[in-house]
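> What would the 3D arrangement of this be:
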Amino acid sequence: METIFGETFMKPILVSKNKSSAFQSIQAAINEAASLKNHQIEIEAGTYFENLKIYQDDLVIKGNGKVIINGNLSARKLGENGKQRGTFQTATVFMNGKGNCLENLTIKNTAGDGDKVG
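Predicted coordinates:
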């Protein structure tokens with residue numbers, strides 16, 4: 001924590017591909033931020049192959065350098081229930097909250113062309 005002008009702020013949670021970092025997964029950092037009521041995540045440069053689900057308010061996720069979040073879920077891919085996911089379950093980044101901010105990130109879904117993947 002850091003105190004500036006009498007206000008106490010939590011330091012951002014850092015995500016890095018570096019093995020010595022506490023978080024190499026963006027989703028793990030999002031989950032930790034929710035449990036700590038921390039609202040800032042900084043991601044070091046790199047490509048992160050993840051699909052993210054955010055269920056919190058006022059979260060800031062900021063890329064430092066070139067950050068790519070690359071998901072590859074497709075509508076026809078089977079979900080945990082053994083049935084096709086459908087389009088709604090294919091988001092690379094799903095957010096259900098207010099006041100969230102994503103900054104300096106490239107978000108991709110590389111599942112393929114619609115005719116083949118749904």
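
> Only C-alpha atoms from now on, for both contacts and neighbour counts.
Fine.

> Can you point out the buried residues in the top strand by length along the chain?
In the chain, with assignment by DSSP state E, the single longest strand is strand 60-71. Using 16 or more other Cα atoms under 10 Å as the test for burial, strand 60-71 gives 60, 61, 62, 63, 64, 67, 68, 69, 70, 71.

> Just name the closest of those to residue 29, please.
Ranked by distance to residue 29 (Cα to Cα), these are led by residue 61 at 10.0 Å.

> Which residues are in contact with that closest one?
Residue 61 is in contact with 40, 41, 42, 43, 101, 102, 103, counting by Cα atoms under 8 Å, 6 or more residues apart in numbering.

> What's the first helix or strand after the strand or helix carrying the third one?
Following DSSP states H and E, the helix or strand that holds residue 42 is strand 40-48. Scanning forward in sequence from strand 40-48 by DSSP H and E, the next helix or strand is strand 52-54.

> That following strand pairs with which strands?
strand 93-95 (parallel) (DSSP bridges).

> Note down every partner strand of the next helix-or-strand element following the partner strand and its orientation.
Downstream of strand 93-95, the next assigned helix or strand under DSSP H and E is strand 101-103. Within its sheet, and counting by DSSP bridges, strand 101-103 is paired with strand 60-71 (parallel).
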